[in-house]
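Asks: Turn this into a model:
(2 chains)
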Amino acid sequence: MKRELLSVAIGAAASLLVASSAVAGTLDDVKKKGFLQCGVSQGLIGFSVADEQNNWTGLDVDFCRAIASAIFNDPKAVKFTPLSAKERFTALQSGEIDVLSRNTTWTMSRDTSLGLKFAGVMYYDGQGFMVNPAALKQKTGVDVKSAADLNGASVCTQTGTTTELNLADFFRSKNMTYEVVAFEKNEEVLKAYQEGRCDAYTTDQSGLYAEKLKLPDPAAHVVLPEIISKEPLGPLVRQGDDAWFNIVKWTYFALLNAEELGVTQANVEEQKSSTNPEVKRLLGGEGDFGKGVGLENDWVVRIVKGTGNYGEIFERNVGETSNLKIARGKNALWNKGGLQYAPPVR
Amino acid sequence: MSAVTQGQAAPRSSIFNDPKFRSTAIQVLLVLAIGWFAWRIVHNTQINLHNRNISSGFQFLWSTAGFGVNQALISYSETSSYGRALLVGLLNTLLVAGVGILFATLLGFTLGIMRLSRNWLVAKVAEIYVEIVRNIPLLLQIFVWYATVLKPLPAPARAPQIGLPWPGGGFIIMAAVLGGGAWLLRGLYQRTQSVVMRVVATLLLFFAAWTAIGVVREFGLSTINFVPLGIFLSNRGIMFPRPIFGESMWIELAALVVGIVLALGVARWARRRQEQTGQQFPTLWVSLGLILGLPLIVFLTAGAGATFEFPELKGFNFRGGMTLIPEFLALVIALSTYTASFIAEIVRAGIQAVSHGQTEAAHALGVRPGVTLRLVVIPQAMRVIIPPLASQYLNLTKNSSLAVAIGYPDLVAMGGTVLNQTGQAIEIIAIWMVVYLSLSLMTSAFMNWFNSRMRLVER
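Replies: Have a look, this model is predicted:
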């Protein structure tokens, strides 16, 4: 009890601040500020990465831009806070950011014990391994074709992620030994992998493709076929502000519905005069769905104008037209063999 | 209220004018205010956490951690608890801090004394070292050392085995020629002032050495045999044999303990005898003989108490044996070289604080410089050195938390992982604070005790 009191006292100053900021609704706060404060990664190609001029791009970044478009009709009304894996939840809990869109895996404990809520799955991912088979063959004589050949290997990863747990589970369940070297930052992980500290690099497969591009000889490195875990990555908000939760959740659904109904950044103006009742409802031509979520009725028009639909965001950042060249796979719409499915606007 | 006894001196003056009452009342009020404030903070946090559905409390320490670690001083597996994971981290912190403090002290004292050397080159080398190392941020140095430790080391499959060099016959001849030559040269230098004689003699020595090398090479005596020790150097760290203690180990340990006790006794006796009679006794050699000799006798009669499990290359890495991971090496080197630069300055200041008259007095009595430094200057300098030294030790311990940058599993790194798995930031940060605070308090308590022992005893 005494220790509990002590711990509580230490966090007190922070939570006093939380208390004041959480009284008003997040939407009102955001409107008053004039911009959305969005938590992203410290640099993961395709998901959230900043260039020299501090312009952020990526799938997770575009999701925040979509929310900003829905609220302000301006995809640029976002400020980004780069966060390490360790800092991300505290930043959201303490009110430092309004939404966390940082390739974060939806797990039960995160959904239930952190006071946070996942609003959807922007990207269905899974953990994999990357190796340099030629170098390994030359150095150790082991021909690595699958993750099952990694018995005894040293594996580099980032600390403070679900990755460490999956890694442990995988090797334990296969009765294989391993050495984990966990770094705080992605750059350090990549550097250690490059310098031969580890035989393999593990993280979400999308991340592996992204990190691979940073290596001097990307072609020499292979992402092994096995996926050893389910990693549904999605945005989070604080519990207790259901109106805000709805906005974030339905922004995600709006992106999916827009793709499903063929509403794109290019044709959104024409589509406004569409006779299809579903499109009409989505774009605010019929009903008061936008008002229901606390926004304007043309909220989806604003979103699609700002960032395009889900498919466009995907292709632009991680898909075939990007450097990553990741296939839609599980991230295709439900009617095209994927898992992305949004409830109807009705 | 007004019934408070005022004493007889000032029956009519107000109680608020009584300085004693006033100071007590103010202090009581202050304590109450602070207590109320603290309670408000605690209470508010508890309510907030509860309202936000954020779990709190320390129950998580007993649940399964589920992640691995690459250096654990106690047995640890993925099925161990979060509490044990944190303990593993704490021990890793203590290990790196302890080893770092040892090396930083040795290096720092050496450098500090070097800075005061009358040899210009030695003093300058130490000065440049101090000025460069202490002015570069530690984190940067850690990265540099990590890269320099990691880069040149080969992969495990090509790891060289460290062996003890065992010189062949040729080297003994060469050593004899060089050693003998140098001894003769020294004698000559002491006897003659003539530059020509000196140059000629030096050249002669070089010539003799040259001939000896030629002879050795000609007859193929230049082999160095390596006795393999089962120690391997690779970018996975230093692998060395793990001792497995057998049955007769306890006899050897007992012999070691007896040796140490006897050595302490001898040292005490020798000191008393020197105080009484002035006769010196070779305490060092006798103690060394006792401490090393007794276990050796047992070892020779009872056989080896420990067998060794040698590291063996299998697939990606070595199996068996023990490993010092490269992150540990890099961190120890970075922490100790960095802190040594500060300690060097403290030592220099301490020595310079000792009045020069002390040195002169010692020299006047015919005491040699080395002994003067060891028995006259340093003991007095210690009084000045110890307090700032203690704060350097604290700094080193706290700086060890930079370990997470290069992936060394110290308390902060492990705590960070636990924090992320459980989301209990307040608890983990509280544990960090309590641990580092108690480490600091324990270090400073020890240094205070040491300081009071080293204090100038005035007679």
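Asks: going forward, measure contacts between C-alpha atoms and count neighbours the same way
Replies: OK.
Asks: Make sure residue A:125 is actually in contact with residue A:205.
Replies: Yes. Taking contacts as Cα atoms under 8 Å, residue A:125 lies within contact range of residue A:205: 6.6 Å.
Asks: Could you find the closest non-adjacent residue to residue B:325?
Replies: residue B:237 (4.2 Å; Cα to Cα, 6 or more residues apart in numbering or on different chains).
Asks: That neighbour: neighbour count?
Replies: By the measure other Cα atoms under 10 Å in any protein chain shown, the count of residues near residue B:237 is 24.
Asks: Also residue B:117?
Replies: Residues near residue B:117, counting by other Cα under 10 Å, number 14.
Asks: Up against chain A, what does the stretch 151-300 of chain B have?
Replies: For the stretch 151-300 of chain B, the contact set with chain A under Cα under 8 Å from any Cα of the partner chain comprises B:151, B:155-158, B:235-236.
Asks: Same list (the residues you listed) but as TSV, adding secondary structure and neighbour count.
Replies: Written out in TSV, the entries for those read as follows (DSSP: H, G, I helix; E, B strand; the rest coil; neighbours: other Cα atoms under 10 Å in any protein chain shown):
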residue	secondary structure	neighbour count
B:151	coil	14
B:155	coil	24
B:156	helix	24
B:157	helix	17
B:158	helix	14
B:235	coil	21
B:236	coil	25
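Asks: In the helix or strand harbouring residue A:189, which residues are buried?
Replies: Using DSSP states H and E, residue A:189 falls within helix A:186-194. Buried positions in helix A:186-194, judged by neighbour count with 16 or more other Cα atoms under 10 Å in any protein chain shown: A:186-190, A:192-194.
Asks: could you list every residue that touches the one residue sitting closest to the centre of chain A?
Replies: Geometric centre of chain A, nearest residue: residue A:103, 2.7 Å, by Cα atoms, centre = their mean. The neighbourhood of residue A:103, defined by Cα atoms under 8 Å, 6 or more residues apart in numbering or on different chains, consists of A:40-41, A:47, A:60, A:233-235.
Asks: in chain B, which spans are helices?
Replies: Chain-ordered helices for chain B, with DSSP state H as the definition, fall at B:19-51, B:82-115, B:120-133, B:138-150, B:169-191, B:195-218, B:249-277, B:283-302, B:326-353, B:356-364, B:369-371, B:378-399, B:411-422, B:425-454.
Asks: could I get those helices as CSV with mean neighbour count?
Replies: Putting the helices of chain B into CSV (neighbours: other Cα atoms under 10 Å in any protein chain shown) gives the following:
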stretch, mean neighbour count
helix B:19-51, 14
helix B:82-115, 22
helix B:120-133, 16
helix B:138-150, 18
helix B:169-191, 15
helix B:195-218, 15
helix B:249-277, 16
helix B:283-302, 16
helix B:326-353, 24
helix B:356-364, 13
helix B:369-371, 12
helix B:378-399, 20
helix B:411-422, 25
helix B:425-454, 16
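Asks: Let's have those in a markdown table, adding mean pLDDT.
Replies: Rendered in a markdown table, the data for the helices of chain B read as follows (pLDDT from 0 to 100):
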| stretch | mean pLDDT |
| --- | --- |
| helix B:19-51 | 90 |
| helix B:82-115 | 95 |
| helix B:120-133 | 94 |
| helix B:138-150 | 91 |
| helix B:169-191 | 77 |
| helix B:195-218 | 79 |
| helix B:249-277 | 85 |
| helix B:283-302 | 80 |
| helix B:326-353 | 94 |
| helix B:356-364 | 92 |
| helix B:369-371 | 86 |
| helix B:378-399 | 91 |
| helix B:411-422 | 90 |
| helix B:425-454 | 90 |
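Asks: Include distance to residue A:113 when you put those into a markdown table, please.
Replies: As requested, the helices of chain B are arranged in a markdown table below (distance: least, Cα to Cα, whole Å):
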| stretch | distance to residue A:113 |
| --- | --- |
| helix B:19-51 | 10 |
| helix B:82-115 | 16 |
| helix B:120-133 | 46 |
| helix B:138-150 | 34 |
| helix B:169-191 | 70 |
| helix B:195-218 | 75 |
| helix B:249-277 | 51 |
| helix B:283-302 | 57 |
| helix B:326-353 | 34 |
| helix B:356-364 | 67 |
| helix B:369-371 | 65 |
| helix B:378-399 | 31 |
| helix B:411-422 | 8 |
| helix B:425-454 | 12 |
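Asks: closest one to residue A:226 among these?
Replies: Taking Cα to Cα as the criterion, residue A:226 comes closest to helix B:411-422 out of the helices of chain B, the separation being 23.8 Å.
Asks: now that closest one: how far from the chain's centre is it?
Replies: Averaging C-alpha coordinates over helix B:411-422 and over its chain gives two centres that are 26 Å apart (Cα atoms, centre = their mean, to the nearest Å).
Asks: With stretch A:135-154 instead?
Replies: 31 Å.
Asks: Just the terminal-to-terminal distance for that stretch.
Replies: In terms of Cα to Cα, to the nearest Å, the two terminal residues of stretch A:135-154 are separated by 14 Å.
Asks: same question, stretch B:241-258
Replies: Across its full length, stretch B:241-258 reaches 27 Å between end residues, using Cα to Cα.
Asks: State the distance from residue A:246 to chain B.
Replies: Using Cα to the nearest Cα, to the nearest Å, one gets 18 Å for the distance from residue A:246 to chain B.
Asks: Would you check that that residue makes contact with residue A:292?
Replies: No. Judged on Cα under 8 Å, residue A:246 makes no contact with residue A:292 at a distance of 9.7 Å.
Asks: about what we covered before: my guess is the residue nearest to the centre of chain A is in a helix, correct?
Replies: No. With DSSP: H, G, I helix; E, B strand; the rest coil as the criterion, residue A:103 is located in strand rather than a helix.
Asks: State the distance from it to residue A:63.
Replies: As defined by Cα to Cα, residue A:103 lies at a distance of 11 Å from residue A:63.
Asks: which one is residue A:238 nearest to, not counting chain neighbours?
Replies: In space, not counting the residues next to it along the chain, residue A:238 is nearest to residue A:116; the distance is 4.4 Å by Cα to Cα, 6+ apart.
Asks: Any idea which of the helices of chain B gets closest to residue A:268?
Replies: Shortest distance between residue A:268 and those, using Cα to Cα, is found for helix B:411-422: 41.5 Å.
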